[in-house]
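Trainee: can't give you the sequence, but here's the structure:
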């Protein structure tokens, strides 16, 4: 049986769809991190954290991200000046 270009493209597309579905299923059922059981990396002030990322984002990322790309657990402290509601009805703290 001769493989026509249409048949070859159907096989490639089918293989791609199977691979994409397998990846999606793997990511969906991947276990999630339990932040409550993890050790706190640092306690930082919100304005200091913002300043670190605006000054040098690369250095801040290397400081606050693990080698696998997950963020380290931080306790962020600050004083809330006011609360407003955004367009979707969620509270926004300032």
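Mentor: That came through, no problem. This is a predicted model, so every value here is computed, not measured.
Trainee: which helices and strands does the helix or strand bottoming out on mean pLDDT in the chain pack with?
Mentor: Across the helices and strands of the chain, mean pLDDT, DSSP states H and E gives its lowest value to strand 91-93, namely a mean of 90. Counting contacts by 3 or more CB pairs under 8 Å, 6 or more residues apart in numbering; DSSP states H and E, strand 91-93 packs against strand 83-85. Backbone N, C-alpha and C define where each C-beta goes, glycine included.
Trainee: give the contact list for the residue nearest the centre of the chain.
Mentor: The centroid of the chain falls nearest to residue 70 when counting by CA atoms, centre = their mean (7.5 Å). Taking CB atoms under 8 Å, 6 or more residues apart in numbering, we find residue 70 in contact with residue 33.
Trainee: can you give me the distance of it to residue 9?
Mentor: 39 Å (CB to CB, to the nearest Å).
Trainee: residue 52 should be in a strand, yeah?
Mentor: No: secondary structure of residue 52 (DSSP: H, G, I helix; E, B strand; the rest coil): helix, not part of a strand.
Trainee: number of residues surrounding the residue nearest to residue 81 when sequence neighbours are not counted?
Mentor: Leaving aside its sequence neighbours, residue 81 sits nearest to residue 94 (CB to CB, 6 or more residues apart in numbering; 5.2 Å). Neighbour count for residue 94, taken as other CB atoms under 10 Å: 8.
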